[in-house]
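>>> Here's my sequence, what's the structure:
(one chain, ligands or ions: 1)
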Amino acid sequence: MTEIYKKYLKIQQEHVDAFVLMRLGDFYEIMGPKAQEAAPILDMTLTKRGVGVDEHGVPMIGFPSCTADVNIGKLLTVRDVVVDDGDGELKLIKQPEKAKPLNDHNSRAHALLSASSAARWLTCPPSAVAAEAYPNQDTDFTKEGTLAHEVAELFARHPDINTADLVAELGGADREMIDCAIEYRAYIEEQKKDNDALVLLEQRVDFSPWVPDGFGTCDCIIIQGDTLTIIDYKYGVGVAVSAKDNPQMKLYALGALNDYGIAYDVKKIEMHIFQPRINNVSADSLTVDELMAWAEKTVKPIAQKAAKGKGTYQPSEHCKFCPHAGKCRALTKLCTEYVETHSLRVAVPVLAPHEVAEVLAMEPSINLWLKRVKDQAMTTMMNGGEVPGWKIVEGRQGLRKWSDELKVVETLKAAGFNWEDFTKTELLSPAAMDKAIGKKKVAELLPDFIERATGAPVIAPESDKRPVFNRLAEAQKDFE
Ligand code: SF4
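Below you'll find the predicted structure:
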């Protein structure tokens, strides 16, 4: 690879969100994936620059230095600009409005066929267009996840960052979030085997050659030797996410390969899920040939259909992440047809054990379907629509609470009560303690004082990894 492009990539790596302008003679050039983004902003035609890797070169646009002011002005409407005039000092020109935090994850654009929803639209292609009819709803979990990613990115990007500065910039980050971000940073470092490794954080990648308008933001990309590594940071605790054959990860890898494969001789892909709150680290790998075969034979034809809302509606475990579930006829059919089928078996008026098993197997689908239909009906009526025979009423009132705590204290004191009479100090629960002082400290200082009540018996499918509940042993305990 040419020295110029090596230097360019290094600057881009340090200013991953900015356009990098490198002066070469009387021209400024933007190279690599950001050139593709900048070309329509500057209304310029994309060309290629040879960078000594193969005969194709990398995307590039260039303009004379006398037009720099105008063109930098246009680029600043989208991103900060870093200028390398070759004098050893980089000039960082910030966008005019800097009210947003430097790594605002909330303001990111959203793709119809996103990598994060790929498992769903690859199974049920029309779900992508169907889901577009529903507004994106932020929940406490999604807000927590967004904040956790911002904290993780800041730590990974700025190894010397002061925790107090970080908390001031991103209000709401608790100790557990910061500890997890530190573990994430260490995990990235562990994966770097080469001092010259290219490390890109929160990098937008473009997989549109296979998925119409397909792009996504990858938490971490590392390119070293002939290996491209994708790391996805997960902050949730509900499900241990597996990297095995994970379509989200594979689409990120495809995008990274599309953007950087031209400059690096990548042969192998590694995909890692790092989910620190439940100690889940999962990894999978495949060759570039295997990834390309999947992209061409599986992704491309399905994505073409999905982008047009075509294909077959296919209920599956992915329905639980589908905004359309509350109105979906295919899901309704799956749940109601089943009941109808059973109503035909009238010869014996009692369910046989195998029929009980069949009903239990339907539980997740039917529960999901009922809940989502109910939520959808609520949304319809709250927005002034009608659901024949149903209305919205006020539910049970909430618990009583003080409207002015200060006044309550003053009143009680004036009435002769002591502070201890009306307040109590409580030890935090283990979960709250994790957040307050950090999981590591809890594990270091308090492991001997944590206990759990035995779980009550629950029904689970035979495939469940937990051992069968030992009824006799539990009954014995009752007599001891
Ligand atoms: S609810 Fe399920 S079947 Fe219906 S569109 Fe969504 S993913 Fe497809």
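>>> Now do the phi/psi pair for Ala133.
Torsion angles at Ala133 (phi, psi; degrees, to the nearest 10) stand at phi -70, psi -10.
>>> cool, and Val442?
Torsion angles at Val442 (phi, psi; degrees, to the nearest 10) stand at phi -60, psi -40.
>>> With Gly86 instead?
Dihedral angles for Gly86 - degrees, to the nearest 10 - are phi 80, psi 10.
>>> Could you tell me how far it is located from the ligand?
Applying CB to the nearest ligand atom, to the nearest Å, one obtains 53 Å for the distance of Gly86 from the ligand. Every C-beta, even on glycine, is put in place using the N, C-alpha and C of the backbone.
>>> Ok, Trp121 next?
From Trp121 over to the ligand the distance is 8 Å, taken as CB to the nearest ligand atom.
>>> which is the next helix or strand following the lowest-mean-pLDDT helix or strand in the chain?
Every helix and strand of the chain was ranked by mean pLDDT, DSSP states H and E. The lowest is helix 163-169, at a mean of 61. Sequence-wise, the next helix or strand downstream of helix 163-169 (DSSP states H and E) is helix 175-191.
>>> Measure how far that next one is from the centre of its chain, please.
Offset of helix 175-191 from its chain centre (CA atoms, centre = their mean, to the nearest Å): 16 Å.
>>> Could you list the residues of the chain in contact with the ligand?
Taking CB under 6 Å from any ligand atom, the part of the chain that reaches the ligand is made up of 120, 124, 127, 130, 313-315, 318-319, 322, 324-325, 328, 330-331.
>>> quick one: which of those is nearest Val211?
Set against Val211, the nearest of those by CB to CB is Arg120 (13.5 Å).
>>> other SSEs contacting the helix or strand the closest one falls within?
Element membership of Arg120, judged by DSSP H and E, is helix 118-123. For helix 118-123, the packing partners by 3 or more CB pairs under 8 Å, 6 or more residues apart in numbering; DSSP states H and E come out as helix 127-131, helix 247-260, helix 300-307.
>>> Run through who's touching the first one.
With contacts defined as CB atoms under 8 Å, 6 or more residues apart in numbering, helix 127-131 is touched by 112-113, 117, 120-121, 306-309, 313, 318, 322-324, 328.
>>> quick one on the thing from earlier: just the helices and strands packed on helix 118-123: most buried one?
Sort the helices and strands packed on helix 118-123 by mean neighbour count, taking mean count of other CB atoms under 10 Å, and helix 247-260 sits at the top with a mean of 25.
>>> Figure out how far the next helix or strand along the chain from that one is from the centre of its chain.
Using DSSP H and E, the helix or strand that follows helix 247-260 in sequence is strand 268-275. Average the C-alpha atoms of strand 268-275, do the same for its chain, and the two points are 14 Å apart (CA atoms, centre = their mean).
>>> buried sites along strand 268-275?
Going by neighbour count (16 or more other CB atoms under 10 Å), the buried part of strand 268-275 is 269-275.
>>> which one of those sits closest to the ligand?
Nearest to the ligand, judged by CB to the nearest ligand atom, of these is Ile273 at 22.4 Å.
>>> sorry, back to before: the residues of the chain next to the ligand in helices, which ones?
Using DSSP state H, the members of the residues of the chain next to the ligand that fall in helices are 120, 127, 130, 330-331.
>>> Can you list the low-confidence ranges for the stretch 101-250 of the chain?
Within the stretch 101-250 of the chain, the stretches with pLDDT under 70 are 101-110, 161-171.
>>> The residue of the stretch 151-300 of the chain found nearest the ligand: what's it in contact with?
Nearest residue of the stretch 151-300 of the chain to the ligand (CB to the nearest ligand atom) works out as Pro247 at 14.1 Å. Neighbour list for Pro247: 115, 118-119, 122 [criterion: CB under 8 Å, 6+ apart].
>>> Now tabulate those residues in TSV and tack on neighbour count and distance to His342.
Shown next, in TSV, are the contacts of Pro247 (neighbours: other CB atoms under 10 Å; distance: CB to CB, whole Å):
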residue	neighbour count	distance to His342
Ala115	26	39
Ala118	27	35
Ala119	17	30
Leu122	20	31
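>>> quick check, nearest of these to Ala197?
Ranked by distance to Ala197 (CB to CB), those are led by Ala115 at 22.7 Å.
>>> From the ligand, how far out is that closest one?
Distance, Ala115 to the ligand, using CB to the nearest ligand atom: 17 Å.
>>> which ones are touching that residue?
With contact set as CB under 8 Å, 6+ apart, Ala115 has these partners: 207, 214, 216, 247-248, 251-252, 255.
>>> Now it. Its backbone dihedrals?
Per degrees, to the nearest 10, the backbone of Ala115 is at phi -70, psi -40.
>>> Report the buried residues of the longest helix seen in the chain.
Counting by DSSP H, the longest helix found in the chain is helix 353-382. For helix 353-382, the neighbour count (16+ other CB under 10 Å) marks 365-366, 368-369, 372-373, 376-377, 380 as buried.
>>> Just to check, Ile273 is in contact with Met249?
Yes: using CB atoms under 8 Å, Ile273 and Met249 qualify as a contacting pair, with a distance of 7.4 Å.
>>> which neighbours do these two share?
Jointly contacting Ile273 and Met249 under the rule CB under 8 Å, 6+ apart are 232, 243.
>>> Tell me who's in contact with Arg120.
By CB under 8 Å, 6+ apart, the contact set of Arg120 is 127-128, 318, 321-322.
>>> any idea how far Ile30 is from Ile221?
Noted for Ile221: a distance of 19 Å to Ile30, by CB to CB, to the nearest Å.
>>> should've said Val211
As for Val211, its distance to Ile30 is 25 Å (criterion: CB to CB).
>>> Kindly report the same for Asp464.
Here the criterion is CB to CB. By it, Asp464 lies 53 Å from Ile30.
>>> more neighbours, the two?
Applying other CB atoms under 10 Å to Asp464 and Ile30 shows that Ile30 carries more neighbours, namely 28 against 10.
>>> quick check, that one in a strand?
Yes: in this structure, Ile30 lies within a strand as judged by DSSP: H, G, I helix; E, B strand; the rest coil.
>>> Was I right to think it contacts Leu24?
No: here Ile30 does not reach Leu24: they are 11.2 Å apart, not a contact under CB under 8 Å.
>>> Quickly list what's touching both of those two.
In contact with both Ile30 and Leu24: Gly62, using CB under 8 Å, 6+ apart.
>>> tell me which residues form a beta bridge with Ala283?
Beta-bridge partners of Ala283, counted by DSSP bridges, are His272.
>>> Return the members of the residues of the chain next to the ligand classed as buried.
The buried subset of the residues of the chain next to the ligand - by 16+ other CB under 10 Å - is 120, 124, 127, 130, 313-315, 318-319, 322, 324-325, 328, 330-331.
>>> Out of those, which comes closest to Ile93?
Nearest to Ile93 among those is Arg120, at 40.6 Å by CB to CB.
>>> According to the record, where do the domains of this structure fall?
Here the domain parsing of the chain from automatic domain parsing is 3-93, 114-307, 317-382, 403-480.
>>> most packed of those domains?
Ranked by average neighbour count under the criterion mean count of other CB under 10 Å, the domains of the chain are headed by domain 114-307 at a mean of 18.
>>> start to end distance for that domain?
End-to-end distance for domain 114-307, by CA to CA, to the nearest Å: 11 Å.
>>> Pull the distance from that domain to the chain's centre.
Centroid separation for domain 114-307 versus its chain: 7 Å, with CA atoms, centre = their mean.
>>> Likewise for stretch 428-441?
Relative to its parent chain, stretch 428-441 has a centroid offset of 24 Å by CA atoms, centre = their mean.
>>> All set now, cheers.
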